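> with the sequence up front, the predicted model follows.
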Amino acid sequence: MMILRAIVRDYTNSGVPVGSKALAQQLPIHVSSATIRNEMATLESSGLIKKTHSSSGRVPSIKGYRFYVDHLIQPDPVRQNDINLIQSSLGSDFHKIDDIISQSANILSNLTSYTAFTLPPELQESRLSGFRLVPLGKRQVMAILVTDDGNVQNRAFDVPEGITADQLEPVVRLINDQLVGHTLPDVLARLNTDIPVEVSHYVTSPEGFLAIFGDVLRKAAQERFYIGGRLNVLNYSDDQDVDSLKSLYQLLDTNDDLADIIGKPSNQMQVRIGNEITNDVLKNYSLITATYDVDQHGQGMIAILGPTRMQYSRVIGLVDAFREELAKKLLDYYQHYGE
């Protein structure tokens, strides 16, 4: 399998189909061209490599990439200048968790030249820390919701007919008195149980206002993916069909679909290749996902989307190093925020 490893590494680095002469120059031991050709024929008959139409060389198949990742890969050591870049880029004085996570997506995309996704530590434990209304004039109001991890969500809305801004003030006090300190899922649950009854003591028809509050709350509670390097997919997409590219970008703009594709946190780094990704739009891509752990603050995720001809050994090493640095930065932030 030394020859399969050499084919994968050469092709993922160069993008050029690999021939027996090129392999003979790369292998760490001397092997005759005839032996290499025989081994390549065996690999081809096993479905691990395939011939391209434009060259006599061979390229890995999806099955070949899978075997390489599962059995042959040796992650590259991360270069010190990459570590220095990660640390310096994360060294800014960030004021919100989301700023750190957003910057992380940009750093990862720059390091890998692929498209990067980052997700903050899981939000199940995020708690409501405040809610207020700011009058904007002409019956328009801004609803502002803040969580204990520094996330701020807002939405402007027209005050429903039959309700005055003055009537909403005791409702805001009620929400802050009864719901601050509770987790966001708990608050959402109470919007369907006792809170409407409480609000109806102050507002005759509370449905409109509670719908606005619920929308802002759900926006704060939803998984927030940050994307770096959206345009990078154009650099390695073999499919220049406009409709296919449009479908891909629509996917990148849909949080729920991204959540389904990237999945839930796992202690193991995962590599999914081609049809292993649960969306046909990504059948010609590979996705590497990894979890980072921020102690009691939960786990977040980072992911890299690239071609099946991804530089797996380099990217896996970078992702592993990056998640360690990101976890350190977030722990520092939480300690500072806790003070």
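Arrived safely, thanks for sending.

> any idea how far Asp256 is from Gln299?
20 Å (C-beta to C-beta, to the nearest Å). C-betas here are computed from N, CA, C, even on glycine.

> for those two, indicate the residue with more neighbours.
Using other C-beta atoms under 10 Å as the criterion, Gln299 and Asp256 rank with Gln299 on top: 18 against 9.

> ok, now which ones touch the nearest residue to that one once chain neighbours are set aside?
The shortest distance from Gln299 to any non-neighbouring residue, by C-beta to C-beta, 6 or more residues apart in numbering, is to Pro265 (4.3 Å). Contact partners of Pro265, counting by C-beta atoms under 8 Å, 6 or more residues apart in numbering, are Glu122, Thr291, Gln299, Gly300, Met301.

> of those, which is the most crowded?
Going by other C-beta under 10 Å, Gly300 tops these with 25 neighbours.

> that one touches Phe117, doesn't it?
No - contact criterion C-beta atoms under 8 Å: Gly300 and Phe117 do not qualify, at 10.7 Å.

> domain ranges for the protein?
Domains of the chain are assigned by automatic domain parsing as 2-72, 80-120+224-338, 124-221.

> mind putting these into a markdown table with mean pLDDT?
Formatted as a markdown table, the domains of the chain follow (pLDDT from 0 to 100):
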| stretch | mean pLDDT |
| --- | --- |
| domain 2-72 | 88 |
| domain 80-120+224-338 | 88 |
| domain 124-221 | 85 |
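
> so what's the residue count around Arg218?
13.

> doesn't it lie inside a strand?
No - assessed with DSSP: H, G, I helix; E, B strand; the rest coil, Arg218 is helix; it does not lie in a strand.

> the residue nearest to it when sequence neighbours are not counted: which element?
For Arg218, ignoring the flanking residues on the chain, the nearest one in space by C-beta to C-beta, 6+ apart is Leu188 at 6.8 Å. Assessed by DSSP states H and E, Leu188 sits inside helix 184-190.

> list the buried residues in that helix.
Of all the residues in helix 184-190, those buried under the rule 16 or more other C-beta atoms under 10 Å are Leu184, Val187, Arg190.

> which element follows that helix toward the C-terminus?
helix 195-199.

> quick one: residues in contact with the helix holding Leu188.
By C-beta under 8 Å, 6+ apart, helix 184-190 touches 123-124, 126-128, 147, 178-179, 182, 214, 217-218, 220-221.

> want to throw the residues you listed into JSON lines with secondary structure and distance to Gln167?
Below are the contacts of helix 184-190 laid out as JSON lines (DSSP: H, G, I helix; E, B strand; the rest coil; distance: C-beta to C-beta, whole Å):
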{"residue": "Leu123", "secondary structure": "helix", "distance to Gln167": "31"}
{"residue": "Gln124", "secondary structure": "helix", "distance to Gln167": "33"}
{"residue": "Ser126", "secondary structure": "coil", "distance to Gln167": "29"}
{"residue": "Arg127", "secondary structure": "strand", "distance to Gln167": "27"}
{"residue": "Leu128", "secondary structure": "strand", "distance to Gln167": "22"}
{"residue": "Thr147", "secondary structure": "strand", "distance to Gln167": "26"}
{"residue": "Gln178", "secondary structure": "helix", "distance to Gln167": "18"}
{"residue": "Leu179", "secondary structure": "helix", "distance to Gln167": "19"}
{"residue": "His182", "secondary structure": "coil", "distance to Gln167": "24"}
{"residue": "Gly214", "secondary structure": "helix", "distance to Gln167": "19"}
{"residue": "Leu217", "secondary structure": "helix", "distance to Gln167": "20"}
{"residue": "Arg218", "secondary structure": "helix", "distance to Gln167": "24"}
{"residue": "Ala220", "secondary structure": "helix", "distance to Gln167": "24"}
{"residue": "Ala221", "secondary structure": "helix", "distance to Gln167": "27"}
